[in-house]
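# Quick one, structure for this:
(2 chains)
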Number of protein chains: 2
Amino acid sequence: MTITLEQTRELARQLRVDSIRATTAAGSGHPTSSLSAADLMAVLMARHLRFDFDQPHHPNRDHLIFSKGHASPLLYAMYRAAGVIDDAQLLSLREFGSKLEGHPVPRLPGVEVATGSLGQGFPIGVGMALAGKFLDRLPFHIWVLLGDSEMAEGSIWETFDKAGYYSLGNLVGIVDVNRLGQRGETELGWDTAAYARRAEAFGWETVVIDGHDIEAIDGAFALVTLERQQPLLIVARTIKGQGVSFLADKEGFHGKPLDQDRMQAALRELGEPVRRTVCPPKPEDLTPSRQPQPAAIELPRYTIGDNQATRTVYGDALQAIGIRPDIVVLDAEVGDSTRAQKFATACPGRFFEMYIAEQQMVAAAVGLSVMGRTPFASTFGAFLTRAYDFIRMAAVSRASIRLVGSHAGVSIGQDGPSQMALEDLAMMRAVHGSTVLYPCDANQTAKLVRAMVDIKGISYMRTTRGKTPVIYAPGEDFFPGGSRVVRQSPNDQVTLIGAGVTLHEAILAADTLASEGIPVRVIDAYSVKPIDRQTLQQAARDTHGLVVVEDHWAEGGLGDAVLDAFSGNGVLPRVVKLAVREMPGSGTPAEMRDFAGISARHIVAAARQIAMSSA
Amino acid sequence: MTITLEQTRELARQLRVDSIRATTAAGSGHPTSSLSAADLMAVLMARHLRFDFDQPHHPNRDHLIFSKGHASPLLYAMYRAAGVIDDAQLLSLREFGSKLEGHPVPRLPGVEVATGSLGQGFPIGVGMALAGKFLDRLPFHIWVLLGDSEMAEGSIWETFDKAGYYSLGNLVGIVDVNRLGQRGETELGWDTAAYARRAEAFGWETVVIDGHDIEAIDGAFALVTLERQQPLLIVARTIKGQGVSFLADKEGFHGKPLDQDRMQAALRELGEPVRRTVCPPKPEDLTPSRQPQPAAIELPRYTIGDNQATRTVYGDALQAIGIRPDIVVLDAEVGDSTRAQKFATACPGRFFEMYIAEQQMVAAAVGLSVMGRTPFASTFGAFLTRAYDFIRMAAVSRASIRLVGSHAGVSIGQDGPSQMALEDLAMMRAVHGSTVLYPCDANQTAKLVRAMVDIKGISYMRTTRGKTPVIYAPGEDFFPGGSRVVRQSPNDQVTLIGAGVTLHEAILAADTLASEGIPVRVIDAYSVKPIDRQTLQQAARDTHGLVVVEDHWAEGGLGDAVLDAFSGNGVLPRVVKLAVREMPGSGTPAEMRDFAGISARHIVAAARQIAMSSA
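Predicted structure coming up:
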């Protein structure tokens, strides 16, 4: 049963009281940023958000994202008002082990994505809205509470752009324009008209309200109807610290909890709340658009000895796994190069063109993951650096997303360094729980794309622009954590370790070395993370040293992964790292690899030196 | 002498001919994206860009940035038309060793920044415009040629926002709206009004023109007067491949050079150009606002035994080096936390608030670097991930910028993982030519801030939120590539390696171990890159094993840097890496370090195990 506006006013007071109590108990946190949005959230929760706490996974539920994640005390106060947590839990805010972390994380049921890095909740909402509108075809809404400071993030404007483009009438942004940022006034202050004008230019409907006027808020939220085709931005002029006279619109209180005395004064001013368990209106009982049962996936097969670019196989394999209705694909307007275009053509209903907006692309993938989909997102590996903050946060969100970066390394040749992924392995290794794959041939690529479907967390595949020989049969198996010994003899002197394009250089080098009477082992370390420690440690025992060769800067990539395989304990080998160390320019792929010191002749020289010094 | 409009038309034809010839010779590149902008650039070069090729460093010169870097053939054709390069050089496009790379880089004199990662040239222009308006106080203009596809990048809207905020009347954007992206139509197609509407909402003046109408172009450029206070966006409707009937507005030609037959057909259609050396109008002979001679820098001094947060010292040291007029500082609306606010207060004329727009912040730093300034830019280390593509490209631009990331690691405590920099060392190590510093105490921080002033390339300092004890005297010296042995005895069993906050945990551990009769060496590896290989190798020879402890994910950071110190030759020592391996939550700094396994007791346990197994 919907509560009255007067009761909603009571609820807002309670949310303020609890936001203050929790942060004072914690000794840190953001009470004033919670107070400014308390009226907005009270009205939303009591009268508009369609959410049943008894069925928190209802397929037709509304979703609420605190893009201004630092207002988490307000969110937790809402949980308290709904009776989902008790007072002791509320007061455990920011304690070690508490699910009420400083910024919301999905450890707390009902929180679907982590926020706290500003400008991310809103673009994630786009992914969820895409799922609602185009996949589930359910009339639920995505409500996103935004801070005014985060409106300066470019990612926010990627969202205005994409939501406008896809006419996401199920997406609602609520900007809490409280004027004060971390260190004084925000860029636009209380210029609510500027926010509205900008959003309208991107195709949004906007409404400007007093964010403390319960009736006005209720009226604005009432615009959120099932029939909307246009996304809606509610620009709410608010006062930071509203409700407490000595906090209201005062500088110097950002992120500062009140001490006991001040808390008592604030609570006296606010008055004792009339505590009442508030149930939001329930979602209508609808089920998502039916998905056909998947047929068995038949991966493409390639003939040993043929030449094929791994990026092209990515496209082929995507198309093959696309038979599963949970697979969705995004690309940043380079589908012709990443080959995601193949999926776009085969399964247009599950392909979302994000144009050149890598941050929005990764955020949308997170949103689609939350909605139960299996997203793949691709662009040039170099340009995934654009979305690193989003990838990092996707791990905090416990999302499962699959990223594919094409055009790895100096091996792209003529286009030059701006297009060369040379830091992607380092970047992706340093993501919590990530899986990093770098296939060297067609059948291996297909198998690993298939494997990515089932990988939890953040997985990354690095693909190569140019063609490489097919060296594995279609039936062979490859998996995260695996490796493949492609050359081996009882008398191996040295071990060569490559992945992707450098594996082929290593094989060429092995041929030369064999002809010189230096037998070497060659390991295909296609799983850069987790790396196959066992196979590497065995090689260290069997040979005099390891040469690791990678088309990547010398820091953080395959070389460091191999070295790390020997940390802790075990046999300690000699390891020579061949990697890109000088700034490349343009040239043919072969010229660039030779310039970088990662071509076969450099591998031969490094291996020869190890063999000779051990003779 | 300014050439006539009719001669400009001739010039445009020549630029088209040369764009096609160069890409056909190269066998790759972007002729059609060059053709669409040829009229725009012909008019600009012949009649509006104030640039003297005989004085390419004239302080009052205009600047031209190809934000759509893939149109580099057009830029090189302009060089050819100006007589700066000859035909043989033009036709060396994309050859190994040629300065005419696939995308523009500053190896070619006159090119000031590298482009090719879309959406970067425009925000870099903001930095250059800030320098012109507020520092040099000269009336030159920054002209930026944009592609329409890159208008989808959020960074572009950060630029519209900041240029509007700072009223950069000296910044001119020219959007080449050729409608076709890499794989078909762009998001907005030829909706030039939409581009204009959006830019206007951010405070820009706009003018929409036919980008092939020489008179219209000339008229639009004439709006760029010395008195402008409002940035100007020229939205030019163009045709991709304009001038060649079989390319014009046709899909399937993006990034495709013509073969010989097609080239001949195109050249026949365009006709033989009337080659004439074109000199742009010269800049007025003005000199920059005089900068006072710098006095000697007096760094702040701290007393051993006091407690001080390294982030606070960053602010103090910034203020001290601020006596040098070349020092400029940027921050992303967290100056109160990074302590950049101290500089903002002391030197308001050289502080630029970028609000929460990290991409724009780093890009502006690059622009200021190009203009001869010494920029420092700070935000939370975690949020520098937002700008990774810009940092990577800053290295390609050969820019010297100084980045400072506060709130490192789990040691921030209660705020939780969204605010914790845990991948920053990996990210920054994997930047070409970078320097990565992580001080543990106040005097060391001050010295390293001073050292950063003189570091070429990309340098990064990681600072800590909480206070740490001052352990070094003010007179001690610290420098990139250095380290400090803080504990040593003739019988050291184990070596402990820390940096920043973990150095203090290592010292605590060393005390405990000493009390157990296990003497250990402790190394402060404050220079994570370059790392002090010699001191580490000596420690490996002197002790039974190394324990590296870092407040960072286990991948790519200090642990990997230490392992790498043993690559190349020699056998790896025993190295135990203590690092963050589980997703942290909220808690006190001490609780979080203990949870992560990087507190003193974990170091003691790891060292004890090495000592016992070697006994």
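
# Once you drop chain neighbours, what's closest to residue A:550?
In space, residue A:550 comes closest to residue A:558 once its chain neighbours are excluded; the distance is 4.0 Å by CB to CB, 6 or more residues apart in numbering or on different chains. All C-beta atoms are positioned from the backbone trio N, CA, C, and that covers glycine.

# got a list of what the one you found touches?
Residue A:558 makes contact with A:425, A:438, A:497-499, A:525, A:528, A:548, A:550, A:552, A:579 under the criterion CB atoms under 8 Å, 6 or more residues apart in numbering or on different chains.

# That one and residue B:437, how far apart?
Remark: distance between residue A:558 and residue B:437 (CB to CB, to the nearest Å) = 26 Å.

# Residue A:451 too?
In terms of CB to CB, residue A:451 sits 39 Å off from residue B:437.

# So between those two, which is more surrounded?
Ranked by neighbour count (other CB atoms under 10 Å in any protein chain shown), residue A:451 and residue B:437 place residue B:437 first, with 29 against 19.

# got a list of what that one touches?
Contact partners of residue B:437, counting by CB under 8 Å, 6+ apart, are B:448, B:451-452, B:459-462, B:480, B:526-528.

# Mark which of the contacts of residue A:558 are part of helices, please.
Taking DSSP state H as the definition of helices, the contacts of residue A:558 contribute residue A:425.

# Cross-reference the contacts of residue A:558 with the strands and report the matches.
Among those, the members found in strands (DSSP state E) are A:497-498, A:528, A:548, A:550, A:552, A:579.

# Out of those, which is nearest to residue A:143?
residue A:528 (39.5 Å; CB to CB).

# Ignoring the adjacent residues along the chain, who's closest to that closest one?
Nearest residue to residue A:528 in three dimensions, chain neighbours excluded: residue A:436, at 4.2 Å (CB to CB, 6+ apart).

# Quick check: which element contains residue A:265?
Element membership of residue A:265 [criterion: DSSP states H and E] is helix A:260-270.

# State the mean pLDDT of stretch A:441-457.
Here stretch A:441-457 scores 98 as its mean pLDDT.

# Only C-alpha atoms, please: export it in CSV.
Extracted in CSV, the C-alpha atoms of stretch A:441-457 (Å, rounded to 0.1, in the frame of the first residue of the first chain):
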residue,chain,number,x,y,z
ASP,A,441,46.1,-19.7,-33.7
ALA,A,442,42.6,-20.1,-35.0
ASN,A,443,41.5,-23.3,-33.3
GLN,A,444,42.9,-22.1,-30.0
THR,A,445,41.1,-18.8,-30.4
ALA,A,446,37.8,-20.5,-31.0
LYS,A,447,38.2,-22.8,-28.0
LEU,A,448,39.1,-19.9,-25.8
VAL,A,449,36.2,-17.8,-26.9
ARG,A,450,34.0,-20.7,-26.0
ALA,A,451,35.8,-21.0,-22.6
MET,A,452,35.2,-17.3,-21.9
VAL,A,453,31.5,-17.8,-21.9
ASP,A,454,31.8,-19.7,-18.6
ILE,A,455,34.5,-17.6,-17.0
LYS,A,456,33.3,-15.7,-13.9
GLY,A,457,34.7,-12.3,-13.3
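
# Residue numbers of the stretch 501-615 of chain A in contact with chain B?
When proximity is defined as CB under 8 Å from any CB of the partner chain, the stretch 501-615 of chain A approaches chain B at A:529, A:552-557, A:559-561, A:563-564, A:566-569, A:572-577, A:583, A:585-588, A:591-592, A:595.

# Narrow those to those in helices?
Those of those mapping onto helices are A:559-561, A:563-564, A:591-592, A:595, per DSSP H.

# Between all of those residues, which two are separated the most?
Using CB to CB, the pair of those lying farthest apart is A:564 and A:591, separated by 31.4 Å.

# Neighbour count for the two, which is higher?
A count of neighbours by other CB under 10 Å puts residue A:564 above the other of residue A:564 and residue A:591, at 22 against 19.

# Now the stretch 301-450 of chain A against chain B: closest residue?
Per CB to the nearest CB, residue A:418 is where the stretch 301-450 of chain A lies closest to chain B, at 2.8 Å.

# wait, I meant the stretch 151-300 of chain A
For the stretch 151-300 of chain A, CB to the nearest CB, closest residue to chain B: residue A:154, 2.4 Å.

# Pretty sure that residue sits against residue B:156.
Yes - under the criterion of CB atoms under 8 Å, residue A:154 makes contact with residue B:156 at 7.2 Å.

# Give the ranges of residues in chain A that sit below the confidence cut-off.
Across chain A, the ranges flagged by pLDDT under 70 are A:1.

# which helix is the longest one in it?
Per DSSP H, chain A has its longest helix at helix A:5-26.

# Any residues of the stretch 151-300 of chain A in contact with chain B? List them.
Counting by CB under 8 Å from any CB, the residues of the stretch 151-300 of chain A that sit close to chain B are A:152-158, A:161, A:165, A:181-183, A:186-187, A:194, A:197-198, A:200-202, A:254.

# same thing but 6 Å
By CB under 6 Å from any CB of the partner chain, the residues of the stretch 151-300 of chain A that approach chain B are A:152-155, A:157-158, A:165, A:181-183, A:187, A:197-198, A:201.
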